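Trainee: make a model of this:
(2 chains)
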Number of protein chains: 2
Amino acid sequence: MAPQKTVGILGGGQLGRMLTHPAALLGIPLLILDSGDYTPAKQTLLPPEEHLSSGHLDGPFTSEKHIRELAKKCDILTVEIEHVNADVLESVEKEGLCQVQPSPSTIRLIQDKYEQKKYLNDKGIPVAPFKELSSLNPTENDVKDIVKELGLPIMLKAKTLAYDGRGNSPLQSIESEDIKKSLDFLGDRPLYAEGWCPFIKEVAVMVVRNKEGQVKSYDAVETIHRESILRVCLAPLRGDNVLGLNQKARKLAEDAVSHLQGAGIFGVEMFLMEDGSLLLNEIAPRPHNSGHHTIEACLTSQFENHLRAILSLPLGSTELIVPSAAMINILGSNGSMEPIEKMRDNALTVPGAKVHLYGKKESRKGRKMGHITITANSDNELSEKLRTILSAQPDAAEEWIDPIAPPKPELNHSNKKPLVGIIMGSDSDLPIMLPATKILNQFNIPYELTITSAHRTPDKMVKYAKSASNRGLRVVIAGAGGAAHLPGMVASETILPVIGVPVKASQLDGVDSLYSIVQMPRGIPCATVGINNSTNAALLAIRILGTSIPKYQIALEEYSKNLEQEVLEKCQVLENKGWENYVKDVLKK
Amino acid sequence: MAPQKTVGILGGGQLGRMLTHPAALLGIPLLILDSGDYTPAKQTLLPPEEHLSSGHLDGPFTSEKHIRELAKKCDILTVEIEHVNADVLESVEKEGLCQVQPSPSTIRLIQDKYEQKKYLNDKGIPVAPFKELSSLNPTENDVKDIVKELGLPIMLKAKTLAYDGRGNSPLQSIESEDIKKSLDFLGDRPLYAEGWCPFIKEVAVMVVRNKEGQVKSYDAVETIHRESILRVCLAPLRGDNVLGLNQKARKLAEDAVSHLQGAGIFGVEMFLMEDGSLLLNEIAPRPHNSGHHTIEACLTSQFENHLRAILSLPLGSTELIVPSAAMINILGSNGSMEPIEKMRDNALTVPGAKVHLYGKKESRKGRKMGHITITANSDNELSEKLRTILSAQPDAAEEWIDPIAPPKPELNHSNKKPLVGIIMGSDSDLPIMLPATKILNQFNIPYELTITSAHRTPDKMVKYAKSASNRGLRVVIAGAGGAAHLPGMVASETILPVIGVPVKASQLDGVDSLYSIVQMPRGIPCATVGINNSTNAALLAIRILGTSIPKYQIALEEYSKNLEQEVLEKCQVLENKGWENYVKDVLKK
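Mentor: Next comes the predicted model:
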């Protein structure tokens, strides 16, 4: 290729490693600075040909001498870790040795979690209540003073060099012993305190911005931590009224990033509170663990977009291309590689699970050794695969796996990750609607079933309809009789296809129900099937699912063939027996 | 990691390069044999740590000495090119230096295209008619004899070392001059001749097999060549009755591979003939250009599956995870890198286009310098993106781009890559069905529109319905009046959701049409909307499309909000004017 701009990366860990792949694909020369010749990132892309004999740079990514050496060989410096020497980066840029992205001022701000929080708070970004421990050697009383202000529990945090739970200590009481324990744990570092955030979920959004200030965010994801380490990430974010929440989270993340200087990818972590509000937790000025799924699940990965952003190439689309994805970290648990291998080997048996090992030679407790991405056609499929992967973890335990990836329901109970929702106005409609469940069972399609009435439980109906799409449903089947308003009303409150089953009530032979369902005003369609024909409603639902999940189309072909075969067999019997015997022997039975 | 089996690869080109990525992810140590320290594959994965200082092997992958050296350092040898020394591989394996996969006997068989064809033909695999030119220095008369047998035109082919069009010469006449030209072009090599194959499409299937004989194939793709070089690959294969064709092609490919020895991935190229039959063209015993799209478009790439197969790891799912994908080769056109850069830079502007450069330093005419994969939500979206990419090629020309990626249709004409099909029984239904086109235009959804009658053009109707899904349609809207059989009959011949619009005919106010459409027998559903309400049919179609294409869900939300706003605005006018004025001023207009 004609001369490309050479990118220098401070840090040669897994984030650097994942930057090497898009760099190779796009022909971007990379030089990596880290100690050792065989770090994760140095393994997966040779330095540009002119540096081939000397190789990547060997030395600490915090060392001024080495940063300067790298800067001289590069056009653009970036980081895969924020714990670098921001002062050196600043002078390197001022002296015109090379560009630095994101801006050293951003890296410096983010290094100090207290300053970061203060800055964002000043800019009007909502954050949890927080306060500095001004003294460098805080006493019990300093802590008690803060507890007076922020209440209990609080989280004591080191301002700098804190990640993956290191540098955080929760404080539940103001007993001297507890305070002492926390202060001892955190050691001799500048501290601050955060008020307790009783969040219901943790949410993260990756945001990419180029030098021209153009910003694109990825869909929000749910992040699940244990002992302050990210364990599982679920995309897209699900829950009641999530479409709105996703937009809100993306907006907040974009706003926060807009207050920082420089180009690149940013990971924005947030708390979702019970009232639906979001509080910003912290920002990483680099690729982030909560964006690893973007490699397989999005049109452009966070890593490729980081390179595009710092090189002023067009930003890539952040669109999610699969209905459902998850990322599971592979953590070191002890000195042995065996548990890592076990997780890898287990994942190889799961269709759609993609293993990413980081090439680290030593396993340590809590160390990120790799991750597994799962992509699936639906939340339900994802959940089954996720369950298999999570169960292979060394610390697997039902009580934390079940809420993330619930087990299959008992027969005649609703699936927790349904694709189809069956609702009806009254329990008296149940016998008419049961054939739909038989068909869905036969096709092994996850569904839920409940009663909600347009006239008797209007609030429940509205809530059901409004949340249907956000909970991962793709079709709703609604049965109702008489003045049968349920299907049409539900159709008015969702953008999912709604299939109406007219139930024959006591009057008018079901014609009242049929007309009430089919004759919707222009603008709100309701897919109507024959009177009492919930079988066809289920089959129509499967045809709709088949447009996004090919295996259901194959199952439908099979079903049609069987239908044909059944009729042809009856035909054979009729011809063999003669029609009078057929009526007597077959029909009368 | 605990000791992994080390894989040695003969050849360090782009196929080897694409093997390095899954090897890194799974922690598989690789050693590459090729001449030079900076070949495509050597750039993207360091040798295992114990070989770090000595590096990958430098030497020709055909040299016995070098193959033996590699074999001593590896557990399993494999190839990324079949033009290797099969005898050496055989002895290396016999001596127990290491395993070789696929089997050297398979590599030897495939090296000789004539022997390959003969072998497959003997096993009952359908191939084009072919015949050996037995003489080593064939004369004009030898060729004339063969033409007598196979007819004209024929393709003269070198038995060995032929790829990307090198080693093939078509012969259109038996003029001495033409024969001489062909023989001169092919030079002093053993030749054979193939009878002309008037195929309508070229089709390819990737097949992976492990040592235990388990076989998995990927979905068939259409391959488009120019001057014998693969240019574009489209997945999945589309066309009339393709579901059956896909199965047939996969079956044929699996059968053919089952006659070969050893584990690994195989590329099987076929001709699709006018009568729907398939002829096997040739097999590659390695990753193949027609499987590059599997990196982004399938759950497991051909490269990862090759490694899994030769290492006896569980084979990965071959499932396609996107509705539509394409691969476009980036070919060298002259000594300059400029056209390559132009294609890359252009692709960076196309959402969902993924550039893969191979790290080759020299561009030569016809040399494969990289490829671009496009993934999309639909054939239509793919087609638009593909058009942009193809138009940036140095040899771009409308006459070969248009058939692959047709331009947008004029207003009121059918799209060639439709998602929705609108049909009606008679042109008299057209005024009733036009509102559906307005809605689809408003949402920018590609559709086609035609007339087909259940009673007057039953053959056309059946053909339309049977091919609908295979042509990429996702929903059919059918309008009919009176004894309205069209929607239900179409539903009987397709597994797509069919939306029926009851058209009000001259009698019974449309109730006849409604009942004829909605009261389908159990087993075949038809989604019925209100009488004459084609607007709702279109909106229902969009709701169905929204279950697989998220942007349409967002558009529907917008539409619903606008509907609400419109009514609220009318309400405001009503309250301001008073109702008597409202009737006079607004309704009467």
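Trainee: distance-wise, check the residue in the stretch 51-200 of chain A positioned nearest to chain B relative to B:Asp58.
Mentor: As assessed by Cβ to the nearest Cβ, chain B sits closest to A:Leu52 within the stretch 51-200 of chain A, at 6.1 Å. No exception for glycine: its C-beta is placed from N, CA and C like everyone else's. A:Leu52 is 13 Å from B:Asp58, where distance means Cβ to Cβ, to the nearest Å.
Trainee: what is in contact with those two at once?
Mentor: B:Asp37 (Cβ atoms under 8 Å, 6 or more residues apart in numbering or on different chains).
Trainee: the two: which is more packed in?
Mentor: Legend: neighbour count by other Cβ atoms under 10 Å in any protein chain shown for A:Leu52 and B:Asp58, higher for B:Asp58 (16 against 13).
Trainee: residues near A:Gln214, how many?
Mentor: 12.
Trainee: for A:Lys211, same thing?
Mentor: Using other Cβ under 10 Å, A:Lys211 has 15 other residues around it.
Trainee: over to A:Gly479?
Mentor: Counted by other Cβ under 10 Å, the residues lying close to A:Gly479 total 28.
Trainee: show me what contacts it?
Mentor: Counting by Cβ under 8 Å, 6+ apart, A:Gly479 makes contact with A:422-425, A:429, A:432-433, A:486-487, A:500-501, A:503, A:534, A:537.
Trainee: and the one helix or strand A:Pro431 maps to, which residues are buried?
Mentor: Using DSSP states H and E, A:Pro431 maps to helix A:430-442. Neighbour-count burial for helix A:430-442, counted by 16 or more other Cβ atoms under 10 Å in any protein chain shown, picks out A:432-433, A:435-437, A:439-440.
Trainee: closest to chain B among those?
Mentor: Nearest to chain B, judged by Cβ to the nearest Cβ, of those is A:Pro435 at 8.0 Å.
Trainee: find me the pLDDT at the closest residue to the closest one other than its chain neighbours, would you?
Mentor: Excluding the flanking residues, the one nearest A:Pro435 by Cβ to Cβ, 6 or more residues apart in numbering or on different chains is A:Thr535, at 4.5 Å. What the model reports as pLDDT for A:Thr535 is 98.
Trainee: and A:Thr535, that's in a strand?
Mentor: No - read with DSSP: H, G, I helix; E, B strand; the rest coil, A:Thr535 is helix and lies in no strand.
Trainee: so what's the residue count around it?
Mentor: For A:Thr535, the count of nearby residues is 20 (other Cβ under 10 Å).
Trainee: now swap in A:Lys113 and tell me
Mentor: When neighbours are defined as other Cβ under 10 Å, A:Lys113 has 24 of them.
Trainee: the longest helix belonging to chain A vs chain B: in contact?
Mentor: Criterion DSSP state H: the longest helix present in chain A is helix A:550-577. Yes - residues of helix A:550-577 contacting chain B under Cβ under 8 Å from any Cβ of the partner chain: A:550, A:553, A:556-557, A:560, A:563.
Trainee: just the buried residues of these.
Mentor: Among these, those classed as buried by 16+ other Cβ under 10 Å are A:550, A:553, A:556, A:560.
Trainee: list the contacts for the residue nearest to the second one when sequence neighbours are not counted?
Mentor: For A:Gln553, ignoring the flanking residues on the chain, the nearest one in space by Cβ to Cβ, 6+ apart is A:Gly546 at 4.0 Å. With Cβ under 8 Å, 6+ apart as the criterion, the residues that contact A:Gly546 are A:552-553, A:556, B:495-496.
Trainee: what residues does the stretch 201-350 of chain A put near chain B?
Mentor: Taking Cβ under 8 Å from any Cβ as the contact definition, the stretch 201-350 of chain A meets chain B at A:243, A:299, A:308, A:313-314, A:316-317, A:319-322, A:337-338, A:340-341, A:344-345, A:348-349.
Trainee: just the buried ones from these?
Mentor: With neighbours counted using 16+ other Cβ under 10 Å, those contain these buried positions: A:243, A:299, A:308, A:313-314, A:316-317, A:319-322, A:337, A:340-341, A:344, A:348.
Trainee: how far away is the residue most central in space within chain A from chain B?
Mentor: Note on chain A: the residue nearest the mean C-alpha position is A:Ala235, at 2.4 Å, using Cα atoms, centre = their mean. Distance, A:Ala235 to chain B, using Cβ to the nearest Cβ, to the nearest Å: 13 Å.
Trainee: touching, that residue and A:Ile321? I think so.
Mentor: No - using Cβ atoms under 8 Å as the test, A:Ala235 is too far from A:Ile321 to be in contact (10.9 Å).
Trainee: with adjacent residues omitted, what lies nearest to A:Met273?
Mentor: Spatial nearest neighbour of A:Met273, excluding adjacent residues (Cβ to Cβ, 6+ apart): A:Phe199 at 5.8 Å.
Trainee: now do the phi/psi pair for the one you found.
Mentor: The phi/psi pair for A:Phe199 (degrees, to the nearest 10) reads phi -70, psi 160.
Trainee: how about the one 4 residues further on?
Mentor: Taking degrees, to the nearest 10, you get phi -130, psi 140 for the backbone angles of A:Val203.
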